[in-house]
Structures are given as C-alpha cells and as structure tokens.
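**Student:** here is a sequence with its predicted model. Questions after.
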Amino acid sequence: MEEYAFLQQFCKEKHIKSVLEFGPGTSTLAFLDAGCDVVSIEENWKWFQVAQRTLMLPNCTLLLGAPPAIMDHPRIAASSFDLAFVDGPGAKGPLPRLHSMQAAMSRASIVILHDANRAGEQATITEVTKNGGWEVIKQKSRRGIGILLRQSGAAVVHGERPSL
C-alpha cells in the first residue's frame, strides 16, 4: 500500500485526531486529508521555509526547532497527541532519530517512524524500546514504517501519559 494512503487509512481506523510530526512533507498532507490537527516540527531553516510555502493550511501548525528544546514550546509542552510521526532525510550517526523518537514517545501512545528500513532507524527503534513498554510492528512499504504502540502501564519518559 502506498505510504500516503497507509497514513490516511491508519488515522481513520485508529480515530487519530491530533498528530505531532517531526519532519513536515507529504505525510503532513496525508494527516490533514485524514482530518487530523497537525503540529509539525522542522529542524532545518531551508526546509522550514519550503514547508511554510506549501503547508500553511488550516489545522496545521509549523514550528522551527529541534528536540529536546522545542518540546518546551507552548503548543507542545502541555499537550498530548494521538499519534507522533518521525521522518526526515538520512542523517549521520548510529542513532539518527534518537532525540525525535524520545520526544515523540513522551507525547503520544502511538509513534510511527518512517524510513524504518534504514540501519540507523532500526538501531534507534532498538535503543528506545530496550527497556520494554512498547510493542513494535513493522509495516511493509518501500522505505519501511515502524509502528510503536505504548503498552498499558508503560512509563512515559517525559510529560504526562497521553491518552488515545
């Protein structure tokens, strides 16, 4: 199934209404088309400007920054989200999405990691789930989708435990 259609269907089936997204793009449009309110974080100024031109739409808030500091933003700090989505271009280092994944897991009970076929993203999933409390489901797609579901009673790293 095409990733755009998968995200739309997933949101509808799981009754997702609010999304915290790390890395705006086509996924943002899929979430908006599914009827979600989206808060999308972009770390790179150049890509933030592109997102401002293409994604300034109702129900979409774009923020420039990076975790963990951006998590103190008023639009995020006191909020929980039904879903967090982590995406972005290939990054260097052994755990390229570590901070984004930790931030995502602190605000949502369902976290999707895009590009989960990459070695760095696979290592990141292993790292953030090593203490348990999360079920990991791999969805087949061209680039890989990792779905993390917080198990009942699992601890939250930061913030309040979000509800579904």
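**Tutor:** Noted; the coordinates are in hand. Numbers count the residues shown, from 1 in each chain.

**Student:** skipping adjacent residues, who's closest to Leu57 in space?
**Tutor:** Leu32 (6.1 Å; Cβ to Cβ, 6 or more residues apart in numbering). For glycine as for every other residue, the C-beta is placed from the backbone atoms N, C-alpha and C.

**Student:** just for the chain, where's the confidence low?
**Tutor:** 1, 90-91, 153-164 (pLDDT under 70).

**Student:** which residues in it form helices?
**Tutor:** When assigned using DSSP state H, the helices of the chain occupy the ranges 3-13, 26-33, 45-55, 74-77, 98-107, 119-128.

**Student:** deepest of these, which one?
**Tutor:** helix 98-107 (a mean of 23; mean count of other Cβ atoms under 10 Å).

**Student:** could you say what helices and strands that helix packs with?
**Tutor:** With contacts taken as 3 or more Cβ pairs under 8 Å, 6 or more residues apart in numbering; DSSP states H and E, helix 98-107 sits against strand 18-22, strand 83-86, strand 110-114, helix 119-128.

**Student:** the last one to helix 98-107, inter-axis angle?
**Tutor:** The reference is to helix 119-128. Orientation check (axes from the mean of the first three to the mean of the last three Cα atoms, to 10 degrees): helix 119-128 against helix 98-107 gives 40 degrees.

**Student:** and the angle from helix 119-128 to strand 110-114?
**Tutor:** Using the same axes, to 10 degrees: helix 119-128 against strand 110-114 is 160 degrees.

**Student:** what packs against helix 119-128?
**Tutor:** If contacts are counted by 3+ Cβ pairs under 8 Å, 6+ apart, helix 119-128 sits against helix 98-107, strand 110-114, strand 145-150.

**Student:** let's see it at 10 Å
**Tutor:** Packing partners of helix 119-128 (3 or more Cβ pairs under 10 Å, 6 or more residues apart in numbering; DSSP states H and E): helix 98-107, strand 110-114, strand 134-139, strand 145-150.
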